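Colleague: structure for the following, please:
(2 chains)
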Number of protein chains: 2
Amino acid sequence: MTDFKVLILGCGSATPTICHAPTAQVVELRNKLYLIDCGEGTQLQMRRYKVHFKRLNHVFISHLHGDHCFGLPGLISTFGMLGRKGDLFIHCPAEVEAFLSAILVQFCKELPYKVCFNVIDPNRHEMIMEDRSLCVYTIPLKHRIPTCGFLFREKPSEPHIIREMIDYYNVPLREIPKIKQGADFVTEDGVVIPHNRLTRPAALPRSYAFCSDTSYTTSIIPYIQGVDCLYHESTFLEKDMPRAKETFHSTALQAAKIALKAGVKQLVLGHYSARYNDIHSFKTESETTFPKVVLSNEGLIIRI
Amino acid sequence: MTDFKVLILGCGSATPTICHAPTAQVVELRNKLYLIDCGEGTQLQMRRYKVHFKRLNHVFISHLHGDHCFGLPGLISTFGMLGRKGDLFIHCPAEVEAFLSAILVQFCKELPYKVCFNVIDPNRHEMIMEDRSLCVYTIPLKHRIPTCGFLFREKPSEPHIIREMIDYYNVPLREIPKIKQGADFVTEDGVVIPHNRLTRPAALPRSYAFCSDTSYTTSIIPYIQGVDCLYHESTFLEKDMPRAKETFHSTALQAAKIALKAGVKQLVLGHYSARYNDIHSFKTESETTFPKVVLSNEGLIIRI
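Modeller: Just a heads-up that it's a prediction; the model follows:
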């Protein structure tokens, strides 16, 4: 099965610390890279963890807070200096496009490639990108400014051919694509062999949901139901609930409640407030409610 | 003597690497901090090297290239989140002000402090800032876009009183400020004691010149003549001279030639191109022409 991976480049929050970089993640599927958020220093984190700049064509920005987008000017500019030719697609709310466009006018007059904006509506759940391998959908979140998460849903693969059956029934090569797409095979004698005797189903399509920044809201559950992996922000611990409410963020326990209600297979925590020195308490708090919790950390690779 | 120090936060060039951060330096004199340039990640470097955010009130930006100013939005925003109240002065060419203003409109609507711009003319040599301890002057440089360096010149201190002489002549306390400012003392008997018998001169005022980015140009020599310390960019080595010319940068040897002609006391090299793995060759090359060369590196403190 092809690797479907998420690399954490940063899991800190608003004020960066020397322990945690601001938010950025790289999703990888079939050698293609997709960047989610781009806090200050993301290009450096990409170098540190040997992310291939050239394989990245799509960037998704959740909202216009500095810790989620201040790394974009540097990244766009460095891509230019390295001679990038291919278009770079930035999927983002209107405010982020306005912010970046103003900078591009100042800086990137002679960029050797094109920055293409796909302005998204963070208040709607809809498909915003599709390629051969996956579809990306927005997940409306509840934050101080318009914000959305992103759902990466792998496309279903074609079923696998059972070599022995193909040989046994003497199926010509030209018939195989049709059989993979669900056609039955008819032998020279007119016998119908159902396609599911000739194939076995492909692995189930995988899914990854990124939800940051957001206060606790069950409204996201229909969109993330049953995903293989959910990254849900946990800026605070329960003891700092008043601050979580005030800033429209979540606690580790709230993230776990969402994971449980949505029946996800795995929960990844992150976006830790700079006030906590030891992040292990996030896991402890979360595991009181949901069993499979992973603490994100810079450099962590999650296999979906 | 009060400490006059420069802390190197970043000495890399256009494309950041995991070895060198982009340009940023902190000048410290009498507990006040002055930031020169602010590449991406500067706020993090400040945290790493325990720079007191609150003691910084003046930022000097040499030019509108990303590796010299992409850290400003994050820094300004973090200062706001930390509840800064005092004005922050940014001394910069008009293009930098335009870039930052556009961002401030988007981001910092509710900043709890004021960002005050002092738009400078990078083509002129003039005093752009003065406080109790020092004056800062622009140094016109030769780069692809309008760029200037900065000269930090300590103000002359008052001479020191010679305790024994004061006692000997029975000088009343109230006379001392006048004597420090150059007045002679007249005893009760009408004898004139020249002020230089009662004082010894203060240490000579110190000076630091920052020159980056620039191609080799002797036009800067009158402005940096005899400074205690000159930071002169050395993006390239002599073997890459064509590239240096093309990009309006200098080689380590050219930096040494300027240091020699200007009769400075110490030369600090930096702004190394990402193509060099080992920066020691910069020192070797430079020392063929000028004896006192220091290689800048992240975290290095230079005492002026």
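
Colleague: can you tell me what sits against the helix or strand that A:D167 is a member of?
Modeller: Following DSSP states H and E, one finds A:D167 within helix A:163-168. By CB atoms under 8 Å, 6 or more residues apart in numbering or on different chains, the residues outside helix A:163-168 that reach it are A:171, A:176, A:193, A:197-198. Where you see a C-beta, it was placed from the backbone N, CA and C, and this is true even at glycine.

Colleague: on contacts alone, who are the packing partners of the helix or strand that that helix is followed by?
Modeller: Following helix A:163-168 in sequence order, the next helix or strand is helix A:176-180 (DSSP H and E). If you count contacts as 3 or more CB pairs under 8 Å, 6 or more residues apart in numbering or on different chains; DSSP states H and E, helix A:176-180 packs onto strand A:160-161.

Colleague: so which elements touch the strand it packs on?
Modeller: Using 3+ CB pairs under 8 Å, 6+ apart: strand A:160-161 touches helix A:176-180, strand A:199-200.

Colleague: let's go with 7 Å and repeat that
Modeller: If you count contacts as 3 or more CB pairs under 7 Å, 6 or more residues apart in numbering or on different chains; DSSP states H and E, strand A:160-161 packs onto strand A:199-200.

Colleague: tell me which strands the strand it packs on pairs with, and in which orientation.
Modeller: strand A:160-161 (antiparallel) (DSSP bridges).

Colleague: contacts for the partner strand, please.
Modeller: Applying CB atoms under 7 Å, 6 or more residues apart in numbering or on different chains, the external contacts of strand A:160-161 come out as A:176, A:180, A:198-200, A:202.

Colleague: sorry, back to before: report the distance from the helix holding A:D167 to the chain centre.
Modeller: 39 Å (CA atoms, centre = their mean, to the nearest Å).

Colleague: kindly report the same for stretch A:144-162.
Modeller: So, by CA atoms, centre = their mean, the centroid of stretch A:144-162 is 8 Å from its chain's centroid.

Colleague: go on, stretch A:118-126?
Modeller: 15 Å.

Colleague: ends of that stretch, what's the gap?
Modeller: For stretch A:118-126, the first-to-last residue distance is 13 Å (CA to CA, to the nearest Å).

Colleague: and what of stretch A:128-141?
Modeller: End to end - CA to CA - stretch A:128-141 spans 16 Å.

Colleague: how about it: buried residues?
Modeller: A:128-129, A:133-141 (16 or more other CB atoms under 10 Å in any protein chain shown).

Colleague: need the residues that contact that stretch.
Modeller: Outside stretch A:128-141, the residues within contact range by CB under 7 Å, 6+ apart are A:29-30, A:32, A:58, A:60, A:91, A:118, A:120, A:122-127, A:147-155, A:209, A:211, A:213-214, A:220, A:223-224.

Colleague: try it again with 6 Å
Modeller: A:29-30, A:91, A:120, A:123, A:125-127, A:147-155, A:214, A:220, A:223 (CB atoms under 6 Å, 6 or more residues apart in numbering or on different chains).

Colleague: which members of these are positioned in strands?
Modeller: Filtering these for membership in strands, criterion DSSP state E, returns A:29, A:91, A:120, A:127, A:148-154.

Colleague: just to revisit the earlier point, return the helix holding A:D167 as CSV; C-alpha atoms alone will do.
Modeller: Below are the C-alpha coordinates for helix A:163-168, written out as CSV (Å, rounded to 0.1, in the frame of the first residue of the first chain):
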residue,chain,number,x,y,z
ARG,A,163,-3.2,-13.4,-11.3
GLU,A,164,-4.1,-17.1,-11.0
MET,A,165,-7.7,-16.6,-12.1
ILE,A,166,-6.7,-14.4,-15.0
ASP,A,167,-4.5,-17.2,-16.2
TYR,A,168,-7.1,-19.9,-15.5
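
Colleague: chain B contacts on the stretch 51-200 of chain A?
Modeller: A:66, A:70, A:73-74, A:77-78, A:81, A:99, A:102, A:106 (CB under 6 Å from any CB of the partner chain).

Colleague: looking at neighbours, which among those is most surrounded?
Modeller: A:F70 (30 neighbours; other CB atoms under 10 Å in any protein chain shown).

Colleague: OK, now which residue of the stretch 101-250 of chain A is nearest to chain B?
Modeller: Closest residue of the stretch 101-250 of chain A to chain B, CB to the nearest CB: A:A102 (4.0 Å).

Colleague: ok so, going back, which of the ones in strands among the contacts of stretch A:128-141 are buried?
Modeller: Buried among these (16+ other CB under 10 Å): A:29, A:91, A:120, A:148-154.

Colleague: can you put those in JSON lines and add pLDDT?
Modeller: Below are these laid out as JSON lines (pLDDT from 0 to 100):
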{"residue": "A:L29", "pLDDT": "96"}
{"residue": "A:H91", "pLDDT": "98"}
{"residue": "A:I120", "pLDDT": "98"}
{"residue": "A:C148", "pLDDT": "98"}
{"residue": "A:G149", "pLDDT": "98"}
{"residue": "A:F150", "pLDDT": "98"}
{"residue": "A:L151", "pLDDT": "98"}
{"residue": "A:F152", "pLDDT": "98"}
{"residue": "A:R153", "pLDDT": "97"}
{"residue": "A:E154", "pLDDT": "96"}
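
Colleague: show me the shaky parts of the stretch 101-250 of chain A.
Modeller: Low-confidence segments of the stretch 101-250 of chain A, defined by pLDDT under 70: A:108.

Colleague: what's the longest helix in chain A?
Modeller: helix A:94-107 (DSSP state H).

Colleague: let me know the angle separating it from helix B:94-107.
Modeller: 180 degrees (axes from the mean of the first three to the mean of the last three CA atoms, to 10 degrees).

Colleague: for A:D184, give me its contacts.
Modeller: Per CB under 6 Å, 6+ apart, neighbours of A:D184: A:192, A:194-195.

Colleague: from the contacts of helix A:163-168, pick the one nearest B:A252.
Modeller: A:I176 (63.9 Å; CB to CB).
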